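>>> just coords:
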C-alpha cells in the first residue's frame, strides 16, 4: 500500500516534499529528480526555492515527464520553458543537467528510446514528482495506457487538450501529440511522490489509491510501487474510505522514516 499523507493545504504539502528532496540531496549529491509540470507541483518548487539557500545542486540532474510534439523549445508553454521558468531558475539547478523529452518532429521517431537511454545512463530517477489528472492520467499517460509502457509519443485526449487550453491563446493551439515517460518508466523511479489538491481531484485520487488496478485509470499504477507517497490536501482526500487510517499511521510513524 502506498503511504498516504493528508495535510492542511498545498503549502504544507510543498514544504513536506521540499524537505524530502533536500534530505535526498544532502545524502546523495548527484541525486536524479523526476520533474512534473502543471500547477500541482508548484508548491513544491516554491518551497524548495525558499528552503534551499546554501544547498549545492551542482551535481543534481533532472528529467521532465513529458513534452509537446512540434512545439518549439522556445515557446513559453513548451515544458522546456516551463521547467526552466518554474524549477531550474528559482531553485538554482544547473540547466545543462536538466533533460526534457525531445519533441522536435525531425527526430521524434527515436526520441523515446533516446530518453530512456539518457535516464538509464544517469543511474535512474531517485525521486519522481507526479500529479494526477481528473481522468486519472499521470504524465501524459492517458486512460488505456499500458503499465509496462516506456517513453513514447501519445495522442492527447480532447479532455486533456481542453484542460490545457488555458495556457494557450486558443484551444486550437494546444498540440495534438506529446512525448511522455511511460508508466513503466515512471515505476522504475526509486521513490514516487504523487500530489493532488482540491475537490476536483478527489474521485481520481480515491480510485487510484483504493480502487482496482486498471489501465483505464493510469494513476492506479502507483499501487505497484514499493515506495510511493501520496500527498493530499483535505479536499483531495475527501473521497477516501480509509482517510482516518492514513492519518493515524502517519501521525504514529517513526520520525526517521521521513516520507
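Sure thing, it's come through. All of these numbers come straight from a predicted model, not from anything done at the bench.
>>> for stretch 163-182, the distance to its chain's centre please.
17 Å (Cα atoms, centre = their mean, to the nearest Å).
>>> Quick one: mean pLDDT for the longest helix along the chain?
Longest helix in the chain, counting residues (DSSP state H): helix 10-27. Helix 10-27 carries an average pLDDT of 97.
>>> Flag every buried residue along it.
10, 12-18, 20-21, 24-25 (16 or more other Cβ atoms under 10 Å). Any C-beta I mention is one placed from the backbone N, CA and C, and that applies to glycine too.
>>> Residue 235 contacts residue 198, correct?
Yes. Taking Cβ atoms under 8 Å as the definition, residue 235 is a contact partner of residue 198 at 5.2 Å.
>>> ok, of the buried residues of helix 10-27, which one's closest to residue 205?
Residue 205 lies nearest to residue 13 out of these, by Cβ to Cβ, at 12.9 Å.
>>> circling back to that earlier point, distance between the longest helix of the chain and the chain's centre?
14 Å.
>>> can you list contacts of it?
5, 7, 31, 33, 42-48, 50-52, 55-57, 60, 126-127, 129, 193, 195, 197, 231-233, 258-259 (Cβ atoms under 8 Å, 6 or more residues apart in numbering).
>>> Now list the buried members of these.
Of those, these count as buried by 16+ other Cβ under 10 Å: 5, 7, 31, 33, 42-48, 51-52, 57, 60, 126-127, 129, 193, 195, 197, 231-233, 259.
>>> in the stretch 51-200 of the chain, which spans are strands?
With DSSP state E, counting those that start in this stretch, the ranges of strands along the stretch 51-200 of the chain come out as 61-64, 66-68, 98-99, 127-130, 152-155, 177-180, 192-196.
>>> Off-centre distance for the last one?
Mean-position distance between strand 192-196 and its chain equals 7 Å (Cα atoms, centre = their mean).
>>> contacts for the following helix or strand past that strand?
Using DSSP states H and E, the helix or strand that directly follows strand 192-196 along the chain is helix 202-210. With Cβ under 8 Å, 6+ apart as the test, helix 202-210 has contacts from 2, 4, 132-136, 194, 196, 217, 219-220, 222-223, 230, 232, 235-242.
>>> Go again with 10 Å.
Here helix 202-210 makes contact (Cβ atoms under 10 Å, 6 or more residues apart in numbering) with 1-2, 4, 132-138, 194, 196-198, 201, 211, 214, 216-223, 228, 230, 232, 234-243, 246.
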